[in-house]
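Participant: Sharing a sequence plus its predicted fold:
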Amino acid sequence: MKQSQLFTKTKKESPADEISLNAELLIRAGFINKEMAGVYSYLPLGLRVLKNIENIIREEMNAIGGQEIILSSLQEKSTWEPTNQWDDSQVDVWFKTKLKNDTELGLAVTHEAAITKMMKGFINSYRDLPKFVYQFQTKFRNEVRAKSGIMRVREFVMKDLYSFCKDEEEHNAFYERSKEAYKNIFKRIGIGHLTYITFASGGMFSKFSHEFQTITGAGEDIIYVDENKGIAVNKEVYNDEVLTSLGLKKEDMVENKAVEVGNIFTLSTRFSDALGLKFKTEEGDEKSVFMGSYGIGPGRLMGTVVEVLSDSKGIIWPENIAPFKVHLLMLGGDENVKIEASKLYEELNAKNIEVLFDDRVDVNAGEKFADSDLIGIPYRIVVSKRSLADGGFEIKKRIEDTGKIVNIDELFEFLGIQK
RNA sequence: CGGGGUGUAGUGUAACGGCUAACAUUCCUGUUUUGGGAACAGGCGACUCCGGGUUCGAAUCCCGGCGCCCCGACCA
């Protein structure tokens, strides 16, 4: 993509109404736009990152047997009444609305009940189990206090997968597989080294659950990490009984602030009992489906990456989720530079390398460098009179301070492309 | 929902109760530039969040509302 065509622009100044690093950098670099407190739109660069994150999650969900769907955002009151979750004293983050005829509706806070209800039409027999269904769908939560940029918002896309199994044993097998899938996701997104599977409270669903927590000062949770074992315990369930049951010792645990980037719950038969999702066993008995739920917020992940991996100059995207692989900068208005830069742009495109081409002719070198550092694309290639005189193109990784001059063959090799 | 802070061109800031609300940046015109947000000249852009009040006079003081940020509580 040519940067001259991109409708977003970078800003030199940080927004006055944002303190958090993720919002500051993402807004300055033109990835997101703030609509109101806790509500952000995704712009071309931000959407590319979000889609890359979603695709990694999608691949991992498909790999463990997930089938993708999209459930509706508008939900009936009756969907949530059997579990008593329509009640404002039970769930206080509803956005509720009405049809013209006064029928009450809710904007989906989550989808456990909706999918349980829907699956009644498709699951009848033990032969139909197990099934794993997921979606990327917007959740609306009327948080009393949105905060920390895109980390805690009122409207956000979540990947939520629901598992439907015939019994606890079958469920546990999938639950363990989902843990591995989640670890793969965080590793591929570039925060695996800072992300710990964390023993946590089960909320109102079950006694315990597992969270995936990424260590960062921007987090809202306190967790205790055993570095050697690679596992953590959330402060909310941090007690002797839990430590003993997990084989952990207090003296090995280090306190950290962390952000919850994913969680997995055993729902058991809470929803299937309440909503009547039953199946016939091999013996002809009727039994409730054993369920689990597995969430990840791609937007929050994007914010977490910014919090964890940026430097004083801007964002540093991991290659797997970067909006582009290469940022090609053309310096100066020299005719030969234009020709060489455009030629390289076409060649990289032909090799299916995603390139943001800064072809702007009226922008100074310094501004282009500053923009490039702020946007955070992993590889920067400079084409200028100087680079051409020195024998080609300057290539530099975003995480490195100095680049080197290479010819076209070396450049392709550097990027791992077959000529 | 408790507590604290804050609201002025698109953005970031300034302005003692008193002249036409200032500066920088963005943007537009032109010239010159092109390896770290370059230089010069000219120009556009504000119902100072909204509603009341005090005052000869309010961006400024007071009351109410709304927005936004932070701490806490909450968090399916």
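Facilitator: Arrived safely, thanks for sending.

Participant: Can you mark which positions in stretch A:253-268 are buried?
Facilitator: A:253, A:256, A:258-268 (16 or more other CB atoms under 10 Å). Just so you know, the C-beta spots here come from the backbone N, C-alpha and C atoms, and that holds for glycine as well.

Participant: swap that for stretch A:324-338, sorry
Facilitator: A:F324, A:K325, A:V326, A:H327, A:L328, A:L329, A:M330, A:L331, A:G332, A:V337.

Participant: pLDDT-wise, what's the bottom of those?
Facilitator: Ranked by pLDDT, those bottom out at A:G332, which scores 86.

Participant: hang on, that residue in a strand?
Facilitator: No. A:G332 sits outside any strand when classified using DSSP: H, G, I helix; E, B strand; the rest coil, being coil.

Participant: Retrieve the pLDDT associated with A:K419.
Facilitator: pLDDT, A:K419: 70.

Participant: Likewise for A:S206?
Facilitator: 68.

Participant: re earlier: take the buried residues of stretch A:324-338 and keep only those in helices.
Facilitator: Mapping the buried residues of stretch A:324-338 onto helices (DSSP state H) picks out A:V337.

Participant: Going by distance to RNA strand B, which of the buried residues of stretch A:324-338 wins?
Facilitator: The closest of the buried residues of stretch A:324-338 to RNA strand B turns out to be A:G332 (CB to the nearest atom of the strand; 2.8 Å).

Participant: got the CA positions of stretch A:188-202 in CSV?
Facilitator: Output in CSV follows, covering the C-alpha atoms of stretch A:188-202 (Å, rounded to 0.1, in the frame of the first residue of the first chain):
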residue,chain,number,x,y,z
ARG,A,188,2.8,-16.8,17.8
ILE,A,189,1.5,-13.3,18.6
GLY,A,190,4.8,-12.5,20.3
ILE,A,191,4.0,-12.4,24.0
GLY,A,192,4.4,-16.0,24.9
HIS,A,193,7.5,-15.3,27.0
LEU,A,194,5.5,-13.0,29.3
THR,A,195,2.3,-15.0,29.4
TYR,A,196,1.5,-17.5,32.1
ILE,A,197,-1.4,-19.9,32.6
THR,A,198,-2.9,-18.8,35.8
PHE,A,199,-5.1,-20.5,38.3
ALA,A,200,-8.1,-18.3,39.0
SER,A,201,-11.6,-18.1,40.5
GLY,A,202,-14.4,-19.6,38.4
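
Participant: so which pair among the buried residues of stretch A:324-338 is furthest apart in space?
Facilitator: Using CB to CB, the two most remote members of the buried residues of stretch A:324-338 are A:K325 and A:G332, lying 24.1 Å apart.

Participant: the domain parsing of chain A - what is it?
Facilitator: According to automatic domain parsing, chain A comprises the domains A:3-309, A:326-414.

Participant: Tabulate those domains in JSON lines, adding columns for distance to RNA strand B.
Facilitator: Shown next, in JSON lines, are these (distance: least, CB to the nearest atom of the strand, whole Å):
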{"stretch": "domain A:3-309", "distance to RNA strand B": "2"}
{"stretch": "domain A:326-414", "distance to RNA strand B": "2"}
